[in-house]
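Asker: can't give you the sequence, but here's the structure:
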């Protein structure tokens, strides 16, 4: 009898552990085999100290399954604070999206007079054993978060190893680990590697569900067309004057493929009200996080189409990550979906990491925003799956409107402007409208746009919906009839009549408004009153701070202004290493000052470096931990 995979010795130094494993294998050749990695839980940031404890990650095979366990029985916590311990076990079989199970434990040490060791939550994940020729890996992670003075949770320590995935992964089958095994994603200054939903390199995707949303609007009920779907949803009745339903629209929220639940769906209620006013029934749906989201959206599409009239269109409206899922659903259900509206949606996940988006600080271009979205996609779907999860690389038969703001800090313009050409290369009959919205004071997508541009986008959206209605109402061409014997021609009419025209095919139905790529002139910005901060997050520093002052321990004055309130995290990097961190709560529309100080190593490097440059990165997070603005700049230090 053969075992599932060859046994792998425990990676421990104690000989007793190896002896026990050998004896167990001698007694039962098909006993569960195990492999263990132990990683220290190290503090993050400037002046990092000693390990807070050890995190054990174990894989074992038993009964045709692989079981992954993450434990940390003794994590040292200091008194006088509020801590959150997070443990995650992730598996990733090549060709399938990664999947993880996580647990958390909150510990209040404000009443402690001295530090203590507490146990992190133990997490166990079980999957079917992959085929012997199918490579895959398991990783585990334990994080310590600490609540700051603003009430936000900040990463304080992590067990993620400095060597990254290559030093942390354990094989899932006899195929071993893929070689080479590079980091998953691209390095990002905003956050160190690893973590849960950090968008850093090697981060783990896990669901985030906030508190229940506000009460439902009038005319809206929970569920999808009278049934329960695969995730939370709410259905709204048409609000048009005649009360006639023109079609059904499925709305999908954003959130980096991590947000889920009623709170996330509530962000699409204004869009739902706009479509209800046009006479459409709305299904405002959430979806399970990470790689499971697309299957949920396809289930919603199948359920809705089976319960609506054939002569009414089904359209999808998605924002950000939801737009990507909506476009993919249209590619996989060409007969069911009639139109898709993408609001600030990534269309080519592979191309993101090399693109530049709008830098809200300088008004120029930067790469941090696209890398941030790229890493979220890698965590959700797997780096090897980005091509097949990119809508630009799948032929889409439905009518499509892709809209993106030129001041979008997360996506470059090519995610909208290049989508049409990519679709026409796959299908010359593709019907794509690309719209770039010029900047302005109104928050929209991952940035801001002018009110005039947003109104024009809504007009194009309405034209698209009317075209979808016309497509479904136009009868298909009459099939040819078999030839009949010739008959004598009737006498000509008294006046000539135009010959009858065959009905138009659905693809030939004229649109009420020509859908052509359009870029509004900058002069079209709205006259709406501008907030005191013109961009989502603006950061300024002295043009050239003094080396002597910073090297002596002086603080760098950072002036911050944002259009939204939240918790700001500022990091300063030198030679690719973070040498300073600072955070504070900031109010919307008001300037705030942050004063980070370089750590000892950064000050030493600064004294020796000629010339010296610092990289400042800032991220604004809302109450749910999501990044709502980001900025970065390079600072030249003056001698």
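Answerer: Arrived safely. From a predicted model like this one, the values you see are computed outputs, not experimental measurements.
Asker: for the host helix or strand of residue 455, buried residues please.
Answerer: Assessed by DSSP states H and E, residue 455 sits inside helix 451-473. Across helix 451-473, burial judged by 16 or more other C-beta atoms under 10 Å covers 451-454, 456-457, 460-472. Yep, even glycine has a C-beta here, placed from its N, CA and C like the rest.
Asker: poorly predicted segments of this structure, please.
Answerer: 1-33, 46-48, 190, 213, 475-535, 542-544, 610, 623-626, 639 (pLDDT under 70).
Asker: now do the helices in it.
Answerer: 15-27, 165-168, 262-266, 269-277, 293-306, 321-332, 368-381, 414-426, 451-473, 547-551, 600-608 (DSSP state H).
Asker: can you redo those as JSON lines with distance to residue 38?
Answerer: Output for these, formatted as JSON lines (distance: least, C-beta to C-beta, whole Å):
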{"stretch": "helix 15-27", "distance to residue 38": "11"}
{"stretch": "helix 165-168", "distance to residue 38": "11"}
{"stretch": "helix 262-266", "distance to residue 38": "37"}
{"stretch": "helix 269-277", "distance to residue 38": "48"}
{"stretch": "helix 293-306", "distance to residue 38": "34"}
{"stretch": "helix 321-332", "distance to residue 38": "35"}
{"stretch": "helix 368-381", "distance to residue 38": "24"}
{"stretch": "helix 414-426", "distance to residue 38": "42"}
{"stretch": "helix 451-473", "distance to residue 38": "54"}
{"stretch": "helix 547-551", "distance to residue 38": "38"}
{"stretch": "helix 600-608", "distance to residue 38": "27"}
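Asker: of these, which approaches residue 135 most closely?
Answerer: Residue 135 sits nearest to helix 165-168 of all those, at 13.0 Å, using C-beta to C-beta.
Asker: can you give me the buried ones in the closest one?
Answerer: 165, 168.
Asker: residue 296 contacts residue 287, doesn't it?
Answerer: Yes: using C-beta atoms under 8 Å, residue 296 is in contact with residue 287, at 3.9 Å.
Asker: look up the closest residue to residue 555, ignoring the ones flanking it.
Answerer: Spatial nearest neighbour of residue 555, excluding adjacent residues (C-beta to C-beta, 6 or more residues apart in numbering): residue 595 at 3.9 Å.
Asker: for the one you found, list the residues it contacts.
Answerer: Applying C-beta atoms under 8 Å, 6 or more residues apart in numbering to residue 595 gives the contacts 555-558, 582.
Asker: put the buried members of the residues you listed into a PyMOL selection.
Answerer: Buried members of the contacts of residue 595 can be picked out in PyMOL with the line below, counting by 16+ other C-beta under 10 Å:
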select buried, resi 555+556+558+582
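Asker: which two among the contacts of residue 595 are spaced furthest apart?
Answerer: 557 and 582 (11.0 Å).
Asker: double-check residue 465 against residue 247; I have them as touching.
Answerer: Yes: the criterion here is C-beta under 8 Å, and residue 465 meets it with residue 247 at 7.2 Å.
Asker: between the two, what contacts are shared?
Answerer: 280, 313, 315.
Asker: next, count neighbours for the first one.
Answerer: Same thing as residue 280. Using other C-beta atoms under 10 Å, residue 280 has 27 neighbouring residues.
Asker: any idea how far the closest residue in space to residue 176 that isn't next to it in sequence lies from residue 161?
Answerer: Take residue 176 and drop its neighbours on the chain: the residue closest to it by C-beta to C-beta, 6+ apart is residue 135, 6.3 Å away. Separation of residue 135 from residue 161 (C-beta to C-beta, to the nearest Å): 20 Å.
Asker: buried ones in stretch 386-404, by neighbour count?
Answerer: For stretch 386-404, by 16+ other C-beta under 10 Å, it's 386, 389-404.
Asker: tell me the centre residue of this structure?
Answerer: In the chain, the centroid-proximal residue (C-alpha atoms, centre = their mean) is residue 256; its distance is 1.7 Å.
Asker: for residue 229, see how far away that one is.
Answerer: 21 Å.
Asker: ok, now residue 110?
Answerer: 43 Å.
Asker: and residue 577, by the same measure?
Answerer: Look at residue 577 and residue 229: by C-beta to C-beta, they are 47 Å apart.
Asker: with residue 377 instead?
Answerer: Using C-beta to C-beta, one gets 24 Å for the distance from residue 377 to residue 229.
Asker: if we can go back for a sec, let me see the contact set for the closest residue to the residue nearest to the centre of the chain other than its chain neighbours.
Answerer: Excluding its sequence neighbours, the residue lying closest to residue 256 (C-beta to C-beta, 6+ apart) is residue 376, at 4.2 Å. Shown in contact with residue 376 (C-beta under 8 Å, 6+ apart): 199, 205, 256-258, 321.
Asker: so what are the domain limits for the protein?
Answerer: Residue ranges for the domains of the chain, per automatic domain parsing: 15-171, 228-471+509-521, 537-636.
Asker: next one: the second one to chain centre, how far?
Answerer: Remark: domain 228-471+509-521 is offset 14 Å from the chain centroid, using C-alpha atoms, centre = their mean, to the nearest Å.
Asker: also the last one?
Answerer: Between the mean C-alpha point of domain 537-636 and the mean C-alpha point of its chain there is a distance of 25 Å (C-alpha atoms, centre = their mean).
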